[in-house]
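A.B. asks: show me the folded form of this:
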Amino acid sequence: MAKKHKPVSIWVKRSLVIAACLAAGALVYVSYRVFGPNTKAFGDSRYFYVRTGSTYANVLEGLEDQGIVRNRNSFNWVAQQLDYPSRVKAGRYKIARGMSNFEIVKMLRSGKQSPVTLVINKLRTKDDFIRKVSTSLEADSTALRALMQDQVYLRQFGLDTNMVMCAVVPNTYEFYWNTSAENVFKKLEKEREEFWTDERKEKARALGLTPNQVTVLASIVDEESNKLDEKPFIASVYLNRYRKGMRLQADPTVKFALQDFALKRIREGHTQFDSPYNTYRYSGLPPGPICTPSEKTLNAVLNTPETDYLYFCARADFSGYHAFAATYEEHLVNAKKYQAELNKRGL
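C.D. replies: Sure, this is the predicted structure:
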């Protein structure tokens with residue numbers, strides 16, 4: 001006769017149910033810690049910066065200081081499970097609102113950072129360039145300045161401390177935030193090499209100029225006019241003067257020498273300022289560019305037409321264009337017309 005099984009105690013059943021519920025709850029809790037959202041209440045996204053040489057402790061501190069994670073302890077637990085503390089990578093990381101600890105740790109551990117778009121337009125001085133880079137990237141301003149003052153380093157690129165800004169071609173660049181000062185410069189130098197094709201180098205030779213000299217001349221032209229269609233003619237004036245050994249007498253070079261770019265009118269006292277960049281006092285081209293000319297201006301100079309122009313001044317119609325002249329007498333007539341219009345308008 002078969003034995004009868006004793007009925008399972010109701011308390012045992014309840015214990016099993018409770019245990020199952022606890023296990024399920026623990027699983028839900030762990031899952032939420034790993035995969036649940038753990039960002040603070042910010043907009044659609046925020047960037048988290050990890051500096052070069054940072055430790056995991058620095059990362060934890062940064063997550064709080066930069067207002068990234070809501071719960072530091074849960075982040076730390078997930079990071080430990082995924083062995084992130086030994087794999088910290090510097091960079092700029094885009095944190096989207098609602099990201100989980102798992103997503104954040106996975107991104108930081110892989111070093112999958114978001115690049116920085118650096119738009120370089122017209123810059124006038126090395127300090128302008130250094131400020132532009134150091135406010136957008138981690139690259140140290142001191143290191144960048146030292147690089148731009150290192151004659152031995154610059155010589156390999158055919159540059160010196162005066163011509164160094166020839167390496168900066170206005171364009172839109174992409175960098176990783178933690179790019180070093182040297183790698184920033186190398187990328188810009190590569191862009192310059194790509195610009196100076198054999199065809200452009202040949203055009204420079206035909207003008208009797210080196211690529212660096214073209215850049216210096218273009219920097220003056222770029223400051224003289226915003227009218228692209230007349231830039232080749234302005235270039236022809238300065239090129240004709242340069243070939244004849246005349247002083248360029250370019251007003252923008254005086255502003256650069258004085259480091260006063262707000263000057264509206266150049267007066268005689270300004271032209272007496274002693275600086276190799278002052279083309280009222282010194283013949284030839286300045287020792288370096290006075291701004292970073294645009295690619296269009298560089299091309300305008302490379303396509304300078306043959307003219308007999310030696311002078312130009314603003315047109316009396318205030319159109320922003322200039323009146324060109326081959327003789328000083330003709331130039332005086334143009335200048336008087338412009339001066340009369342200034343007086344007429346009370347300017």
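A.B. asks: what ranges do the strands span in the stretch 51-200 of the chain?
C.D. replies: For the stretch 51-200 of the chain, applying DSSP state E, counting those that start in this stretch gives strands covering 91-96, 116-120, 171-175.
A.B. asks: list the buried residues for the longest one?
C.D. replies: Within strand 91-96, the residues scored as buried using 16 or more other Cβ atoms under 10 Å are Gly91, Arg92, Tyr93, Ile95. For the C-beta atoms, the positions are set from N, CA and C on the backbone; glycine is no exception.
A.B. asks: kindly report the same for the second one.
C.D. replies: By 16+ other Cβ under 10 Å, the buried positions in strand 116-120 come out as Val116, Leu118, Ile120.
A.B. asks: returning to that earlier point: okay if I get the strands of the stretch 51-200 of the chain as a markdown table plus mean pLDDT?
C.D. replies: Listed next are these as a markdown table, based on pLDDT from 0 to 100:
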| stretch | mean pLDDT |
| --- | --- |
| strand 91-96 | 95 |
| strand 116-120 | 96 |
| strand 171-175 | 96 |
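A.B. asks: reformat those as TSV; add distance to Glu103.
C.D. replies: Below are the strands of the stretch 51-200 of the chain laid out as TSV (distance: least, Cβ to Cβ, whole Å):
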stretch	distance to Glu103
strand 91-96	8
strand 116-120	22
strand 171-175	24
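A.B. asks: of the ones you listed, which is nearest Arg70?
C.D. replies: strand 91-96 (11.7 Å; Cβ to Cβ).
A.B. asks: can you give the strand pairings for the closest one, parallel or anti for each?
C.D. replies: Paired with strand 91-96 in the same sheet, following DSSP bridges, are strand 45-50 (antiparallel).
A.B. asks: got the angle between the partner strand and strand 116-120?
C.D. replies: Our comparison of strand 45-50 with strand 116-120, counting by axes from the mean of the first three to the mean of the last three Cα atoms, to 10 degrees, yields an angle of 90 degrees.
A.B. asks: paired strands for the helix or strand harbouring Ala323, with orientation please.
C.D. replies: Using DSSP states H and E, Ala323 sits within strand 322-325. Using DSSP bridges, strand 322-325 pairs in its sheet with strand 311-314 (antiparallel).
A.B. asks: so which bits of the partner strand are buried?
C.D. replies: Buried residues in strand 311-314, counting neighbours by 16+ other Cβ under 10 Å, are found at Tyr311, Phe312, Cys313, Ala314.
A.B. asks: ok, stretch 270-280 next?
C.D. replies: His270, Thr271, Ser275, Tyr277, Asn278, Thr279, Tyr280.
A.B. asks: do stretch 252-261 as well
C.D. replies: For stretch 252-261, by 16+ other Cβ under 10 Å, it's Pro252, Thr253, Val254, Lys255, Phe256, Ala257.
A.B. asks: nearest the geometric middle of the chain, what residue?
C.D. replies: Leu118 (3.8 Å; Cα atoms, centre = their mean).
A.B. asks: list the contacts of the closest residue to it other than its chain neighbours.
C.D. replies: Residue nearest to Leu118 in three dimensions, not counting chain neighbours: Tyr173, with 4.6 Å by Cβ to Cβ, 6 or more residues apart in numbering. In this structure, Tyr173 makes contact with Thr117, Leu118, Val119, Ile120, Lys187, Leu188, Glu191, judged by Cβ atoms under 8 Å, 6 or more residues apart in numbering.
A.B. asks: would you mind measuring from Tyr173 to Glu295?
C.D. replies: 14 Å (Cβ to Cβ, to the nearest Å).
A.B. asks: domain assignment for this protein?
C.D. replies: 45-110, 116-195, 199-309 (automatic domain parsing).
A.B. asks: distance to Phe324 added to these, as CSV?
C.D. replies: Formatted as CSV, the domains of the chain follow (distance: least, Cβ to Cβ, whole Å):
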stretch, distance to Phe324
domain 45-110, 50
domain 116-195, 24
domain 199-309, 4
